[in-house]
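>>> Using only what follows, build the 3D model:
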Amino acid sequence: MDSTLEQYLLDHSDPQGDYLYRLYRAAHIHTLHGRMASGPLQGRILKMLVRMIRPENILEVGTFTGYSAICMAEGLGENGKVWTFDINDEMEDFTRSWIEGSPVAEKINFIIGDANTEAPKLGVVFDLIFLDGDKRTYVETYEHLLPLLRKGGFILADNTLWDGHVTDSQYDHDQQTLGIRRFNDHLAQDIRVEKVMLPLRDGLTLIHKL
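This is a model prediction of the structure:
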């Protein structure tokens with residue numbers, strides 16, 4: 001999608017708001033991989049999907065700056081919670097300050113640790129999972145966390161097109177690309193779920209647990 005069309009989409013969607021604008025800008029200024037943040041268009045889509053699905057408990061794998069967690073929390077009902085995990089403790093100070101300073105801070109539990117091992121210890125049944133962690137281990141994370149998702153729940157898997165690398169032979173030896181390809185192939189054959197891949201930003205796959 002070219003920048004003109006993307007701007008058109010943004011101009012005809014709800015704005016992200018001042019707080020998220022400042023967070024998105026800070027991510028690009030103060031982190032090495034600011035483009036990894038979900039961004040205003042995907043952020044509004046995440047909020048809308050939460051409004052539609054109406055989950056009580058959301059699990060996020062891969063917090064990064066907290067942008068997507070805040071967007072999802074904006075869509076939650078009064079008693080909703082986002083449990084968001086990240087293994088990168090070097091980002092903790094930046095991310096925690098933005099989450100705790102947000103208008104939806106009380107709806108977000110930010111945890112440094114591996115969701116694969118730590119999320120099952122929570123004893124929580126999740127209604128929605130946002131998968132946005134280590135691309136090399138997407139399949140393993142998916143299999144670890146699918147049992148924590150209620151029947152009829154949803155998983156949103158991010159970056160499933162991976163900048164188009166999934167169909168580019170130049171990336172046949174890139175481990176992150178191989179991890180995404182393996183996940184996409186694994187998911188395509190999984191009869192436990194319904195799935196549809198959207199060409200949104202870097203690829204977003206919607207998964208419904210049967």
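>>> Show me what secondary structure element comes after the host helix or strand of residue 117.
For residue 117, the enclosing helix or strand under DSSP states H and E is helix 115-118. Of the helices and strands lying after helix 115-118 in sequence (DSSP H and E), the nearest is strand 126-131.
>>> Kindly export that next one (C-alpha atoms) in CSV.
Provided in CSV are the C-alpha atoms of strand 126-131 (Å, rounded to 0.1, in the frame of the first residue of the first chain):
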residue,chain,number,x,y,z
PHE,A,126,-8.7,-16.0,27.6
ASP,A,127,-11.2,-14.8,25.0
LEU,A,128,-8.7,-13.2,22.7
ILE,A,129,-5.0,-13.7,22.1
PHE,A,130,-2.8,-11.2,20.1
LEU,A,131,0.2,-13.1,18.9
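>>> the inter-axis angle of the next helix or strand after it versus strand 126-131?
Proceeding N to C from strand 126-131, the next assigned helix or strand is helix 138-145, under DSSP H and E. In terms of direction (axes from the mean of the first three to the mean of the last three CA atoms, to 10 degrees), helix 138-145 departs from strand 126-131 by 160 degrees.
>>> Let me know the angle separating the helix or strand just after helix 138-145 from helix 138-145.
Downstream of helix 138-145, the next assigned helix or strand under DSSP H and E is strand 149-158. Regarding strand 149-158 and helix 138-145, their directions subtend 160 degrees when assessed with the same axes, to 10 degrees.
>>> chain center to strand 149-158, what's the gap?
12 Å (CA atoms, centre = their mean, to the nearest Å).
>>> elements contacting that strand?
With contacts defined as 3 or more CB pairs under 8 Å, 6 or more residues apart in numbering; DSSP states H and E, the secondary structure elements packing on strand 149-158 are helix 39-53, strand 126-131, helix 138-145, strand 204-209. Where C-beta positions appear, they are placed from N, C-alpha and C, glycine not excepted.
>>> Can you add mean neighbour count and give these back as JSON lines?
JSON lines is the format used below for these (neighbours: other CB atoms under 10 Å):
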{"stretch": "helix 39-53", "mean neighbour count": "19"}
{"stretch": "strand 126-131", "mean neighbour count": "24"}
{"stretch": "helix 138-145", "mean neighbour count": "19"}
{"stretch": "strand 204-209", "mean neighbour count": "19"}
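>>> would JSON lines of the ones you listed with distance to residue 112 be doable?
JSON lines is the format used below for those (distance: least, CB to CB, whole Å):
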{"stretch": "helix 39-53", "distance to residue 112": "22"}
{"stretch": "strand 126-131", "distance to residue 112": "17"}
{"stretch": "helix 138-145", "distance to residue 112": "16"}
{"stretch": "strand 204-209", "distance to residue 112": "25"}
